[in-house]
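K.L.:
output the structure for:
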Amino acid sequence: MSTNIYLDNAATTTARPEVIEAMVPLLGGGYNPSSAHAHGREARAALDDARADVARVLGAAPREIVFTGGGSEADVLAIIGAAKARAADGKHVITAMFEHHAVLHAFDVLEAEGWTVTRLPVTPDGLVDLAALRAALRPDTTLVSIMLGNNEVGTIQPLAEIAALAHAAGTLVHTDAVATAGYLKLDLAALDVDLLTLSAHKFNGPKGVGVLFVRRGTPLTAQIVGGGQEHGLRSGTENLAGVAGFARALVLADAERSETVARVTALRDRLAAAIAALVPDTIVLGGAAPRLPHILSVGFPDQPSDALLMALDLEGVSASAGSACAAGSLEPSHVVAALGIGSRYATGVLRFSLGRTTTGADVDGAAAVVGRVVGRMQTVDV
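P.N.:
Sure, this is the predicted structure:
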């Protein structure tokens, strides 16, 4: 059994060798793409090539691709930028209760500045309540932001239906798709969103570089001002090496998607079955809904997730918790709380997230450690 099992790929992945290879020349010799001389034109060509590669994978026009400093920045630009650009049309915006904190905190900022925010409930299966969305839409609603795939429980939202409802009401639609690249086909025509966020380090690219897709004609107010780079939407000299790494990672992830989905889904289900056999009272959060292949969120009855996580770490298994310890009390994460699962499970949720390098030995080894750790803790409780 491996003693170094990494099952926290939803938090971050490591950059693959091909990505590093694409980045290294630009780390040492990359110039400023905004400069008019030959060195600048060379850098501009590299930037344009990367933008074209990303656009091709997403089915977008190159001008619709905006490079940012990461997924959180892209979310903030999309949400605050769109809301402010349409403030004259209304100041009501909608999101869901289980979004990533970058999205939730962006809406908090808007609320503090006078916007009315509706935070939609989600079903126990981890899906946005479409009836609640339909009821929440108003004549002054200008933005709906719902994530495509949840980063904690992996549930996939019916985004095309969400977009159809929102667009019928004259509302812009943003989706945080950070958890989905390499696992879902990001078909912008089918999704029909106006704004979409990605982050390279979630699909074996570098940290600190993201993308915001901005559909042509979508009103958006820049949040970082300066030299007017990125079509005037994100000023600052581009991270050329990071951009190249983003593009290479996305192209590779998309090309390998079918094989990756089949392999990782099988491993996820193998892990779930093995854990269930060793700890029979476990539940899989979002298990009845369509889910991302690489995320398995498991609830253990009457067990504190922080203690479980530390015990797993001591035995060489890296995972993450679905709850947070604050001021000495263990509370469910906002995602787990939104699902409304029973109190026996709410504070004992762990997320195991697989990746392109995860093996059968990894999931078997992790399951054995989970069974041993939970069994030991249950014995102590008795």
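
K.L.:
going forward, measure contacts and count neighbours with C-alpha atoms only.
P.N.:
Fine.

K.L.:
got a list of what the nearest residue to A274 once chain neighbours are set aside touches?
P.N.:
The spatially closest residue to A274, leaving aside those adjacent along the chain, is A367, at 5.9 Å (CA to CA, 6 or more residues apart in numbering). Taking CA atoms under 8 Å, 6 or more residues apart in numbering, we find A367 in contact with L271, A274, I275, L278.

K.L.:
correct me if wrong: the first one contacts V363.
P.N.:
Spelled out, that is L271. Yes - judged on CA atoms under 8 Å, L271 makes contact with V363 at a distance of 5.4 Å.

K.L.:
comparing the two, which shows the higher neighbour count?
P.N.:
Each of L271 and V363 has its neighbours counted (other CA atoms under 10 Å); V363 has more, 27 against 22.

K.L.:
I figured the more buried one hits A266, correct?
P.N.:
No - using CA under 8 Å, V363 makes no contact with A266, being 10.5 Å away.

K.L.:
returning to what we had before: in helices, which of the contacts of A367 fall?
P.N.:
L271, A274, I275, L278 (DSSP state H).

K.L.:
out of those, who's nearest T260?
P.N.:
L271 (16.2 Å; CA to CA).

K.L.:
residue contacts, that closest one?
P.N.:
Counted by CA under 8 Å, 6+ apart, L271 has contacts V363, D364, A366, A367.

K.L.:
I'd like the contacts of A367 as CSV, with distance to V335 appended.
P.N.:
Formatted as CSV, the contacts of A367 follow (distance: CA to CA, whole Å):
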residue, distance to V335
L271, 22
A274, 25
I275, 22
L278, 26
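
K.L.:
tell me which of these is nearest to P290?
P.N.:
Closest to P290, out of all of the contacts of A367 and judged by CA to CA, is L271, at 17.5 Å.

K.L.:
and the closest one, how far from T197?
P.N.:
29 Å (CA to CA, to the nearest Å).

K.L.:
equivalent analysis for P301, please.
P.N.:
35 Å.

K.L.:
of those two, which one has the most company?
P.N.:
Higher neighbour count among P301 and T197: T197, with 28 against 21, using other CA under 10 Å.

K.L.:
how about the CA coordinates for the strand or helix carrying that one, as PDB?
P.N.:
According to DSSP states H and E, T197 maps onto strand 195-199. Provided in PDB are the C-alpha atoms of strand 195-199 (Å, rounded to 0.1, in the frame of the first residue of the first chain):
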ATOM      1  CA  LEU A 195     -19.600  34.500 -18.700                       C
ATOM      2  CA  LEU A 196     -17.600  31.400 -17.700                       C
ATOM      3  CA  THR A 197     -14.700  31.000 -15.300                       C
ATOM      4  CA  LEU A 198     -11.800  28.600 -15.400                       C
ATOM      5  CA  SER A 199      -8.500  28.200 -13.400                       C
END
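
K.L.:
mind listing what it pairs with, with the direction of each?
P.N.:
strand 172-176 (parallel), strand 210-214 (antiparallel) (DSSP bridges).

K.L.:
of all those strands, which one comes closest to A74?
P.N.:
strand 210-214 (5.4 Å).

K.L.:
and the contacts of the closest one?
P.N.:
60, 64-71, 73-75, 78, 194-200, 246.

K.L.:
mind pulling up the pLDDT for T3?
P.N.:
Looking at T3, its pLDDT reads 69.

K.L.:
now A346
P.N.:
86.

K.L.:
again with E331
P.N.:
So, for E331, pLDDT stands at 73.

K.L.:
which SS class is it?
P.N.:
What DSSP: H, G, I helix; E, B strand; the rest coil gives for E331 is strand.

K.L.:
ok, now P293?
P.N.:
Strictly by three-state DSSP, P293 counts as coil.

K.L.:
next: R351.
P.N.:
strand.

K.L.:
hey, what's it bridged with?
P.N.:
Beta-bridge partners, per DSSP bridges, of R351: S297, S320.

K.L.:
might one say that it is in contact with S305?
P.N.:
No - using CA under 8 Å, R351 is not in contact with S305, being 9.9 Å away.
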